[in-house]
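In: Structural data only, the sequence is not supplied:
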């Protein structure tokens, strides 16, 4: 029980950190607003945050897309569009809520190894599904791969020590390749 409570406490701290990121986010720039419109998304669902290392869908009841401020200038318009579509797929699928619930179950049943295996599988499946939504054609997949590589490079050089989510790459090295 003590281990489960500690793991749930850790999960609660992560939830609080994401909540603070959402609250500290700001409106998008005109260049980003154009990219959002080109992707066919609503500007109301996208915010920019200086403390982020990588883009993410955040929020459990009304998920939003949070983008790192520095990344907006690093990516080409096509790469930015593919990142937005990928994160919008997470938002539409309600992945933040789904994965939060799965993490709570895995923390509660920490002693049961299949719960952790199922959690990893759920995360990997969500990433693959969102990649498919963002890149339905092979040429789109190449743009998305370039965007992922640039995003990871930018995330590595974030110097802020504040807590922040990082790209999961749930599929591991094979997924990155």
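Out: Arrived safely. Computed from a prediction, not measured in an experiment: that's the story for all the values here.
In: switch to C-alpha atoms for all contacts and neighbour counts from now on
Out: Fine.
In: how close does residue 35 get to residue 15?
Out: Per CA to CA, to the nearest Å, residue 35 is found 29 Å from residue 15.
In: neighbours around residue 62, how many?
Out: A count of neighbours around residue 62, defined by other CA atoms under 10 Å, yields 12.
In: How about residue 98?
Out: Counted with other CA under 10 Å, the neighbours of residue 98 add up to 14.
In: Pull out the buried positions in the helix or strand hosting residue 101.
Out: Using DSSP states H and E, residue 101 falls within helix 95-108. For helix 95-108, the neighbour count (16 or more other CA atoms under 10 Å) marks 95, 96, 97, 99, 100, 102, 103, 104, 105, 106, 107, 108 as buried.
In: quick one on the thing from earlier: residue 35 and residue 15: which is more packed in?
Out: residue 35 (22 against 16).
In: Can you point out the buried residues in stretch 24-41?
Out: Neighbour counts over stretch 24-41 (16+ other CA under 10 Å) mark 25, 28, 32, 33, 35, 36, 39, 41 as buried.
In: what's the span of that stretch from first residue to last?
Out: 21 Å.
In: Give the rounded mean pLDDT of it.
Out: Averaging the model's pLDDT scores along stretch 24-41 yields 85.
In: which one is the residue most central in space within the chain nearest to, not counting chain neighbours?
Out: The chain has residue 56 as the residue nearest its centroid, 2.6 Å off, counting by CA atoms, centre = their mean. What sits nearest to residue 56 in space, not counting adjacent residues and going by CA to CA, 6 or more residues apart in numbering, is residue 66, at 5.4 Å.
In: Poorly predicted segments of the protein, please.
Out: Within the chain, the segments meeting pLDDT under 70 span 157-177.
In: that older thread, kindly reformat the buried residues of helix 95-108 as JSON lines and extend each row with distance to residue 78.
Out: Formatted as JSON lines, the buried residues of helix 95-108 follow (distance: CA to CA, whole Å):
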{"residue": "95", "distance to residue 78": "24"}
{"residue": "96", "distance to residue 78": "25"}
{"residue": "97", "distance to residue 78": "28"}
{"residue": "99", "distance to residue 78": "28"}
{"residue": "100", "distance to residue 78": "30"}
{"residue": "102", "distance to residue 78": "33"}
{"residue": "103", "distance to residue 78": "33"}
{"residue": "104", "distance to residue 78": "36"}
{"residue": "105", "distance to residue 78": "38"}
{"residue": "106", "distance to residue 78": "37"}
{"residue": "107", "distance to residue 78": "39"}
{"residue": "108", "distance to residue 78": "42"}
